[in-house]
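Colleague: need a 3D model of the sequence below.
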Amino acid sequence: MSDQNVSDKKPQPDPAEDNAFFPSSYSLSQFTSPKSDLNDADYPTRYQGGKKVLMIGADERYLLTDNGSFFSTGNHPVETLLPMYHLDKAGFGFDVATVSGNPVKFEYWAMPSEDAEVKGFFAKYRPQFKQPLTLSEVISRGLDGYAAIFIPGGHGALIGLPESRDVGAVLKWAAANDRFVISLCHGPAAFLAVGDSDIYRGYEICAFPDALDEKTPDIGYMPGHLTWKFGEKLKTLGFRILNDDISGAVHKDRRLITGDSPLAGNALGKLAAEALLEDVAAR
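Modeller: Numbers count the residues shown, from 1 in each chain. Predicted coordinates for the structure are as follows:
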C-alpha cells in the first residue's frame, strides 16, 4: 500500500487487480492498531483429548461493491488469530479448511505489526493457512473429531460462505451433534448457508451492524457500499442481533458463541475457550 497522510480518506489502490482498493490511511488509523489487546490466555487445566476445532476460512480476496469497485479483503487477522490463540492455549488444536481448498485470504493490512505474540502465532499456523483442507473432503471423512466450528470475520466471509452447501452441512451437523459454533463480526454471514432451516430460529447473536457497514465508505474503509445486508438476512432466519454498535460485545446462546467486531476478538476467545473446557470436562 502507498504511504498516505493519515488524514487521507481516499481508499488506497490495490495494484494486483483492476479497480480494487485497500482501506484509506485515515480508516486504518481509526480501526487498526500496531498491538492487539491479547491477554488473559492462561488455562491451567488444558484439554488433553484429541478433538480439534475446525476453522473455515475465507478463500476469496475481492468483494464487489455497488459502484463496481472491489474491496481487497479476506479474514481479519485479529478476529482470526485472537480467538484461535485462546483455544490453542486451552489445548485445542485446529484443522483449517476453505470451501475451495485454496489458501486462506487475510486482510493483512490489519495485522498488528508490532505484536510479536500474535505474529508468532500466525507463523505457527501459516502452513495450514497456505495449504488448507478442502471443506467437502473434511465432511466426507467425518466431523466427529471436532469439538467446535470457528468462522472468523472480515468481509471475506461474505464471499461464497453464505451460499456454500458445504458450510451449511457443517453448521447443521454442529447443531445436530451439540457442537459449538464460534464466530464474530462478518463471520455470522456464513450462518445463511443453512438455507431455510429453522435451526437458528430464536437465537441471539452479536455481529457487525448493517448500519455501520453503510457508513464505512464515508471514511474510505471500503471503496463502495455492500450490495446486500447480511444482518437483515440473518433476521429472516430467526436471529436476533443484540448490538447496534461495536463495543467488543460477546454473547453465548446455547452452543452459539459470537462477537461484534475485531474489538471482541480477545473476549470471544476467552469465552469460547472456557465454554469448550467446561463442555469436554462434563462429557
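
Colleague: which stretches of the stretch 51-200 of the chain form strands?
Modeller: Assigned by DSSP state E, counting those that start in this stretch, the stretch 51-200 of the chain shows strands spanning 52-56, 62-64, 70-72, 94-98, 133-134, 146-151, 180-184.

Colleague: out of those, nearest to Asp196?
Modeller: strand 180-184 (18.4 Å; Cβ to Cβ). Placement of C-beta: from N, CA and C, glycine included.

Colleague: before we move on, back to that, in a markdown table: the strands of the stretch 51-200 of the chain, plus distance to Gly265, mean pLDDT and mean neighbour count.
Modeller: Below are those laid out as a markdown table (distance: least, Cβ to Cβ, whole Å; pLDDT from 0 to 100; neighbours: other Cβ atoms under 10 Å):
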| stretch | distance to Gly265 | mean pLDDT | mean neighbour count |
| --- | --- | --- | --- |
| strand 52-56 | 14 | 99 | 24 |
| strand 62-64 | 21 | 98 | 20 |
| strand 70-72 | 21 | 98 | 24 |
| strand 94-98 | 16 | 98 | 21 |
| strand 133-134 | 24 | 98 | 16 |
| strand 146-151 | 12 | 98 | 24 |
| strand 180-184 | 7 | 98 | 28 |
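
Colleague: of all these, which one is nearest Pro162?
Modeller: Between Pro162 and the strands of the stretch 51-200 of the chain, the shortest separation by Cβ to Cβ is 10.7 Å, and it involves strand 146-151.

Colleague: for the closest one, what is the distance to the chain centroid?
Modeller: 12 Å (Cα atoms, centre = their mean, to the nearest Å).

Colleague: quick one: strands adjacent to that strand?
Modeller: Counting by DSSP bridges, the strands paired with strand 146-151 are strand 52-56 (parallel), strand 180-184 (parallel).

Colleague: ok and it relative to strand 94-98, angle-wise?
Modeller: Put simply, strand 146-151 runs at 50 degrees to strand 94-98, going by axes from the mean of the first three to the mean of the last three Cα atoms, to 10 degrees.

Colleague: and the residue nearest in space to the middle of the chain, how far from Asp66?
Modeller: Central residue of the chain (Cα atoms, centre = their mean): Pro152, 1.6 Å from the mean position. When distance is defined by Cβ to Cβ, to the nearest Å, Pro152 is 25 Å away from Asp66.
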